[in-house]
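>>> I need the structure of the sequence given here:
(chains A and B)
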Amino acid sequence: MIEHSLQAMAAALANKEISSVELTQLYLERIARHNSQLNAYITVDPARSLAQADAADARLARGEGGPLTGIPIAHKDIFCASGWLTTCGSKMLSNFVSPYDAAVIARFHAAGAVMLGKTNMDEFAMGSSNETSFYGPVHNPWDDSRVPGGSSGGSAASVAARLAPAATGTDTGGSIRQPAALCNLTGMKPTYGVISRYGMIAFASSLDQAGPLGRSAADCAILLNAMAGFDERDSTSLDRPAEDFSREINATSTAKPLAGLKIGLPEEFFAGGCSPEVMQLVEAAIGEYRQLGAETVSIRLPSMGLSVAAYYVIAPAEASSNLARFDGVRYGYRAPDYQDLNDMYCKSRAQGFGDEVKRRILIGTYVLSHGYYDAYYLQAQRIRRLIANDFASAFQKCDVIIGPTSPSTAFQLGEKAADPVQMYLSDIYTIAVNLAGLPGISIPCGFAGGLPAGLQLIGDYFTEARLLNIAHRYQQANAWHLQRPGGFD
Amino acid sequence: MKQWEVVIGIETHAQLSTQAKIFSGSSTAFGAAPNVQANAVDIALPGVLPVLNRGAVICAIRFGLAVDAKIAPRSVFARKNYFYPDLPKGYQISQYELPVVLGGKLAIPVGESEKVVSLTRAHLEEDAGKSLHEGLGQHFRGRSGIDLNRAGTPLLEIVSEPDMRSSAEAVAYARTLHALVRWIGICDGNMQEGSFRCDANVSVRPVGQPHFGTRREIKNLNSFRFMQQAIDYEVQWQIATLEDGGSIEQATVLFDPESGETRAMRSKEDAHDYRYFPDPDLLPLLIDQQWIEQIRSQLPELPTAKRERLIADYGLSAYDAKVLTSSLELVGYYEAAVATAGKANAKTCANWVMVDLTARLNKEDREISESPVSAEQLGGLLARIGDGTISTNIARKVFDALWSGEGSSADEIIARQDLQQISDSGSLETLLDELLAANPAMVAEFRAGKEKAFNALVGQAMKATRGKANPQRVSDLLRKKLG
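Numbering: from 1, shown residues only, chains lettered A, B, ... in the order given. Modelled structure (predicted):
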């Protein structure tokens, strides 16, 4: 059952081969057995999950089930869920039980999905290794001495080890795609504005976007169908007609399903900076795409090299302001001893936030300060426009851009923890996509030294259905995405 | 001795009369129990987002049109970052580089003439909550309370140029602005509840000096009287300081009504770096011409235009026109009364509204909207003075009767109480003949040259008719008879 696709799982539920309670129980048992090795979950609440499963079974019995009814889903602990501890991986929110549901949680609830638990993550989504979590690092199921990637590391590890059929994540600079690559999963960051940010604890508002982490593009399409949609509570949510993101995947296949597809290969992605073994797998994947009928063109993204620098101005700037609400006054962590108001602020925040969060608050505060704003923040915004323009020009010449997701396979726990800049460079291929607000997806493309590597596909705005189909056709042609780590029986 | 010139600019926070807050759906009603009107957005729970209330934008556009300003086709909400317990997000959403209203002007009365004050800008922002340090009861002794009911209430911050040259001008500006925001229905103007609060930037310079002196900002002036007192004190303090050879440091000061003095709250060195940047949770505010025109068409006639029309159409004095246009409700009442009474009685209507009605309302502490006598009833009454049906004195009785609800119209009360003026010569002559016959002594006194006796006879005639006789007719007929 745990290797069933979401579609097969839904069919099994509909045919009464298994009940939602049984299915949920199965995953809860797996979590109980293996989570201590991985530390993928922060909160599991079996009674609550089983009650939801029970309700899903009743719904299925009435014949009112949908594609996700009764299916357990793990949620990144960045999404507020009513009655659930919602920590964002931080001591600051280690006592915060949300009184309300995020839009994403509410949508899964409406679809009848079962909430399996809250997954571990880098503190406030700041990190690329899941090592900044107050709840400790997550271990990569493929090698537990290595990182799963971040910040959606818990979600990725849980799905990779089959401790959840699928999970949600959020992606501000690569936080879905990079862990997907490092854990042999399919993970998508949709166009900015496709999924409501309401109830998703903000890191960098203009870059944050939720998305699915699954075992295949087909699964991700089903998840995205549940997650996407206009929400008037989020002013940056896009009011577009509903669409079926599975529609191209479900269309009839031919021998050359991608005939006529133009794949753009940015020179900047292939000019070094990526480990040779990952690059070799990426080249091989491109070869497979040619087999499927696609042709490739060389393109340029000249401002690409500035993306990490621009990102590490804009994201901390927004974060420094977004995280100001965590002041110990109304909820969350408050230092036990303090002299006065100012002391309470200082101690609560000094004790409540970890080093990486403090580092970014400091950077953000600095770049927004009087006298520095023009040189840093405004300049970074200009670069952001240049990057968006680069992509716009590129999509004149191609339908999809392909390259590596991450410059390396999973690195050792602690390997980059002391060197923030090396850590930031893990997202060198993913960050520009967030700056431009484009959709991107990472899919498994093989193994190097027993560790999975990811292929990144970047599309033009609102081409999610197409991107998912391009990923799906690749997954029809090989079995990389079906490989699972040993030791989680 | 040096001559000093005073320079004042005013920043006003007008709380907008929307039902809901500017970025959340919570109610803005005043006086609820603490924190009852604060939802997830107002208390800044993790993950919540602001959504702009279009009603607040409409208020800003109305104001911009009323002061002949430019409405920005694109304006931007920015975050003003600082920590304070009653600021739940750790930042205030305001507008910084690109405000919604640019420029504008306001004509204020200065003595017998008027002066035009230029406006710099007006921008939308949210209010903070309130910190309560006293009156929290036994349980909270020594602690402070936070009430977030006010957090997120929409404000329009209106900034003037430093155009005022005296405390009197500053107060005239504030009063004119206060009347205007109420006139166009965007602010209830309740200064007690903090709906309209002013900060005054005050500096002095030697007459003839081209550049401004260093200013100090007097915060949170919530009455016109305090504004005048605070500025007067501040000006004499600044002049005294300079004349003593001292210098003025830029500072924020508070006015203490108890002592009548201003005292520094924080200096320039303590000034916050607010780290403004565009709020990524909100899209730029786009306003197209069509929307502006739609709002313009719903705007009431503005005070200046209204005054000019009252003078031209109804022949009112400038003074009357000014008094009647002190509020939209008052002039609305007046115009409705004239509509019933007829244009010929416009001046009588003005006198009655400004004197009789206002006096009665003041006596009973009522607003014009709460007047028991409607504009139509008053107009109907005054029409009867105009056509000679009743005298002014009788009209006052009828007005009292209307006030106490003894009838639905003046005509009904006149008919029921038989108050119609007696003007026809026949019945008056009979009456006067009887009167003269019964009072030979008075007649003799009049003939002996005592004018007082004549007045006494008129009085007798009025008394005999219970005031209904037309006094002019009585006087004319009596002179004829005695002549």
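>>> And the pLDDT at residue B:266?
pLDDT recorded at residue B:266 is 77.
>>> By mean pLDDT, flag the weakest helix or strand of chain A.
Least confident element among the helices and strands of chain A, by mean pLDDT, DSSP states H and E: helix A:420-424 (a mean of 85).
>>> what separates the next helix-or-strand element following that one from the chain centre, distance-wise?
Next helix or strand after helix A:420-424 toward the C-terminus (DSSP states H and E): helix A:431-436. The chain centroid and the centroid of helix A:431-436 are separated by 14 Å under CA atoms, centre = their mean, to the nearest Å.
>>> same for helix A:431-436, what does it pack against?
helix A:307-322, helix A:379-397 (3 or more CB pairs under 8 Å, 6 or more residues apart in numbering or on different chains; DSSP states H and E). Where you see a C-beta, it was placed from the backbone N, CA and C, and this is true even at glycine.
>>> Only the buried residues of the first one, if you could.
Meaning helix A:307-322. Within helix A:307-322, the residues that count as buried by 16 or more other CB atoms under 10 Å in any protein chain shown are A:307-308, A:310-322.
>>> That helix relative to helix A:379-397, how many degrees between them?
130 degrees (axes from the mean of the first three to the mean of the last three CA atoms, to 10 degrees).
>>> what distance separates helix A:307-322 from the middle of the whole chain?
How far helix A:307-322 lies from its chain's middle: 18 Å, per CA atoms, centre = their mean.
>>> C-alpha coordinates for that helix, CSV please?
Below are the C-alpha coordinates for helix A:307-322, written out as CSV (Å, rounded to 0.1, in the frame of the first residue of the first chain):
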residue,chain,number,x,y,z
SER,A,307,20.5,36.2,-7.7
VAL,A,308,22.0,34.9,-4.4
ALA,A,309,23.2,38.3,-3.5
ALA,A,310,19.9,40.0,-4.3
TYR,A,311,18.0,37.2,-2.4
TYR,A,312,20.1,37.7,0.7
VAL,A,313,19.1,41.3,0.8
ILE,A,314,15.4,41.0,0.0
ALA,A,315,14.6,37.9,2.0
PRO,A,316,16.3,39.1,5.3
ALA,A,317,14.8,42.6,4.8
GLU,A,318,11.3,41.2,4.7
ALA,A,319,12.1,38.6,7.4
SER,A,320,13.4,41.3,9.8
SER,A,321,10.0,42.9,9.7
ASN,A,322,7.9,39.8,9.5
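>>> Show me how chain B divides into domains.
Here the domain assignment for chain B is B:4-291, B:301-417, B:425-482, based on the TED database.
>>> Can you add mean neighbour count and distance to residue A:402 and give those domains back as CSV?
CSV is the format used below for these (neighbours: other CB atoms under 10 Å in any protein chain shown; distance: least, CB to CB, whole Å):
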stretch, mean neighbour count, distance to residue A:402
domain B:4-291, 18, 29
domain B:301-417, 18, 63
domain B:425-482, 15, 102
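>>> Spit out the contact partners of the closest residue to chain B within chain A.
Taking CB to the nearest CB as the measure, the point where chain A comes nearest chain B is residue A:324, at 2.4 Å. Listed by CB atoms under 8 Å, 6 or more residues apart in numbering or on different chains, the contact set of residue A:324 reads B:81, B:83, B:89-91.
>>> from these, which is closest to chain A?
Comparing these against chain A with CB to the nearest CB places residue B:90 closest, at 2.4 Å.
>>> Not counting its own residues, what contacts the least confident helix or strand of chain A?
A:127-129, A:308, A:312, A:356, A:359, A:416-417.
>>> picking that back up, in JSON lines, list the helices and strands packed on helix A:431-436 along with distance to residue A:450 and mean pLDDT.
Formatted as JSON lines, the entries for the helices and strands packed on helix A:431-436 read as follows, by distance: least, CB to CB, whole Å; pLDDT from 0 to 100:
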{"stretch": "helix A:307-322", "distance to residue A:450": "29", "mean pLDDT": "97"}
{"stretch": "helix A:379-397", "distance to residue A:450": "34", "mean pLDDT": "98"}
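>>> Could you check how far residue B:451 is from residue B:366?
43 Å (CB to CB, to the nearest Å).
>>> let me fix that: residue A:188
66 Å.
>>> now swap in residue B:318 and tell me
In terms of CB to CB, residue B:318 sits 28 Å off from residue B:366.
>>> go on, residue B:87?
From residue B:87 to residue B:366 the distance is 39 Å (CB to CB).
>>> secondary structure class for residue B:473?
helix (DSSP: H, G, I helix; E, B strand; the rest coil).
>>> after the strand or helix carrying residue A:168 comes which helix or strand?
Per DSSP H and E, residue A:168 falls inside strand A:167-171. Following strand A:167-171 in sequence order, the next helix or strand is helix A:177-183 (DSSP H and E).
>>> Just give me how far that next one sits from the chain centre.
What separates the centre of helix A:177-183 from the centre of its chain is 9 Å, taken as CA atoms, centre = their mean.
>>> do the same with stretch B:259-269
For stretch B:259-269, the distance to the chain centre is 30 Å (CA atoms, centre = their mean).
>>> Help me see whether it makes contact with chain A, please.
No - shown here: stretch B:259-269 not in contact with chain A (CB under 8 Å from any CB of the partner chain), separated by at least 12.9 Å.
>>> Send over that stretch as CSV, restricted to the C-alpha atoms.
Taking Å, rounded to 0.1, in the frame of the first residue of the first chain, the C-alpha atoms of stretch B:259-269 are listed here in CSV:
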residue,chain,number,x,y,z
SER,B,259,0.8,73.4,34.0
GLY,B,260,0.1,75.0,30.6
GLU,B,261,3.7,74.1,29.6
THR,B,262,5.3,71.9,27.0
ARG,B,263,8.0,69.5,27.9
ALA,B,264,10.4,67.5,25.8
MET,B,265,9.5,63.8,25.2
ARG,B,266,12.5,62.8,23.1
SER,B,267,15.2,64.5,21.2
LYS,B,268,16.4,64.1,17.6
GLU,B,269,19.1,61.7,18.8
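>>> Give me the contacts around that stretch.
Residues from elsewhere that reach stretch B:259-269 (CB under 8 Å, 6+ apart): B:216, B:218-219, B:229-230, B:233-234, B:237, B:249-256.
>>> hmm, try it at 6 Å
Stretch B:259-269 has contacts (CB atoms under 6 Å, 6 or more residues apart in numbering or on different chains) with B:218, B:229-230, B:233-234, B:249-255.
>>> wait, which of those is closest to chain A?
When the contacts of stretch B:259-269 are compared against chain A (criterion: CB to the nearest CB), the nearest one is residue B:250, at 15.6 Å.
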